[in-house]
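Engineer: Show me how the following folds:
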Amino acid sequence: MKGILAGVFMPHSHDAADSIDDALEASTQGIRALKISLFILLGTTVLQLAVVFISGSVALFADTIHNFSDALTAIPLWVAFILGRRAASRRYTYGYGRAEDLAGLFIIAVVALSAVVAAWQSIERLINPQPLQNLWWVVAAGVIGFAGNEAVAIYRIRVGQRIGSAALVADGVHARTDGFTSLAVVVGAVGVMLGFPLADPIIGLIISAAIMVLLWGTVKSLGRRLMDGIEPELVENAQRALDETPGVLAAHSVQLRWVGHRLQGAATIVVPDAPLSRTEIVVDDARHHLRHALPNLDAMTISATTDREPLPRP
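Structural biologist: So this is what the prediction gives:
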């Protein structure tokens, strides 16, 4: 409802300055989401760590390490959003949006390290079992971990989708997965209560394996971004917007790429043979249609050719 009202009372503008304002607002929302989620995850980590000391649960220790690493991942993303606000320079002519992808690489490294540490601790506990204490506290800590991660996941995913940040959405999905690993800690504690003491380190190993499996999806997503991969539906939306623009006979060579959480691209349109002033109006209308279809669009280079001219080679 809020989004609908915003669309009614604050309609889209197509000025370049407004596009910059949109990018700054997106970065501000991203930073706010990171700040809030950082404090939630740090609070969750502190509570879980206290229970680790009084219980000795290696599964909870693995989950605590992972939640702490998740909290740390907010820092490079925070820096990336701040860098993304900087204007393009003569050296970085496309701006600093790629900093988000570099932050994604750091996140992958931190999460992978947390999985290795958790697995090492779990294997050591399998070799040298130790009795656990205060198991009900472990159960409570697992529930707290799930609640904290799920709250962070919902918030990050919503903001990430709203501003078009794949890194923030991926971080939110990752937090949601961590919530289920926290529930696995609860399962391990219940297993120990039922007389199976090795349930705790086994759950720790399962958590480590789950982290690595899910990390692979993040690696593929980030790799696609680094290779300028784009979601096909975005290209289809752009193609449709151009085709539906009055005066455009056809649209070819539609290209899009992400630079951080903003889109840039190029396209060639075919227009009727008409005076240059008329062609400029059609190009401007096409750009307006694109901004409605792709709210995260920053810049779009549109080349126009008449139906009597051969299409330019890509």
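
Engineer: how far is the helix or strand harbouring residue 159 from where the chain is centred?
Structural biologist: Assessed by DSSP states H and E, residue 159 sits inside helix 135-163. Helix 135-163 has its C-alpha centroid displaced from the chain centroid by 16 Å (C-alpha atoms, centre = their mean, to the nearest Å).

Engineer: Ok, stretch 190-204 next?
Structural biologist: With C-alpha atoms, centre = their mean, you get 34 Å for stretch 190-204.

Engineer: hmm, who's touching it?
Structural biologist: 57-59, 61-62, 118-119, 121-123, 125-126, 129, 131-132, 135, 139, 184-185, 187-189 (C-beta atoms under 8 Å, 6 or more residues apart in numbering). (Glycine included, C-beta is placed from N, CA and C.)

Engineer: Mind checking what secondary structure residue 267 has?
Structural biologist: Reducing the assignment at residue 267 to three states with DSSP: H, G, I helix; E, B strand; the rest coil gives strand.

Engineer: Now the helix holding residue 159: buried residues?
Structural biologist: 135, 137-142, 144-146, 148-153, 155-157, 159-160, 162-163 (16 or more other C-beta atoms under 10 Å).

Engineer: Return the members of the contacts of stretch 190-204 classed as buried.
Structural biologist: Listed as buried from these are 57-59, 61-62, 118-119, 121-122, 125, 132, 135, 139, 184-185, 187-189; burial here means 16+ other C-beta under 10 Å.

Engineer: pull the CA atoms of stretch 291-310 into PDB?
Structural biologist: The C-alpha coordinates for stretch 291-310 follow below in PDB (Å, rounded to 0.1, in the frame of the first residue of the first chain):
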ATOM      1  CA  ARG A 291      12.700   4.000 -17.000                       C
ATOM      2  CA  HIS A 292       9.200   3.000 -16.200                       C
ATOM      3  CA  ALA A 293       9.900  -0.700 -17.100                       C
ATOM      4  CA  LEU A 294      13.300  -0.800 -15.300                       C
ATOM      5  CA  PRO A 295      13.200   1.400 -12.200                       C
ATOM      6  CA  ASN A 296      16.800   0.700 -11.400                       C
ATOM      7  CA  LEU A 297      18.000   2.000 -14.800                       C
ATOM      8  CA  ASP A 298      20.700   4.600 -14.600                       C
ATOM      9  CA  ALA A 299      21.800   5.100 -18.200                       C
ATOM     10  CA  MET A 300      20.700   3.700 -21.500                       C
ATOM     11  CA  THR A 301      22.400   4.500 -24.800                       C
ATOM     12  CA  ILE A 302      19.800   4.400 -27.600                       C
ATOM     13  CA  SER A 303      20.900   4.500 -31.300                       C
ATOM     14  CA  ALA A 304      18.300   5.200 -33.900                       C
ATOM     15  CA  THR A 305      18.300   4.100 -37.500                       C
ATOM     16  CA  THR A 306      15.600   4.500 -40.100                       C
ATOM     17  CA  ASP A 307      13.800   1.700 -41.900                       C
ATOM     18  CA  ARG A 308      15.700   2.600 -45.000                       C
ATOM     19  CA  GLU A 309      19.100   2.200 -43.500                       C
ATOM     20  CA  PRO A 310      20.900  -1.000 -42.700                       C
END
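
Engineer: just how off-centre is that stretch within its chain?
Structural biologist: Distance, centroid of stretch 291-310 to centroid of chain: 27 Å (C-alpha atoms, centre = their mean).

Engineer: in it, what counts as buried?
Structural biologist: Quick answer for stretch 291-310 (16+ other C-beta under 10 Å): 291, 293-294, 296-298, 300, 302, 304-305.
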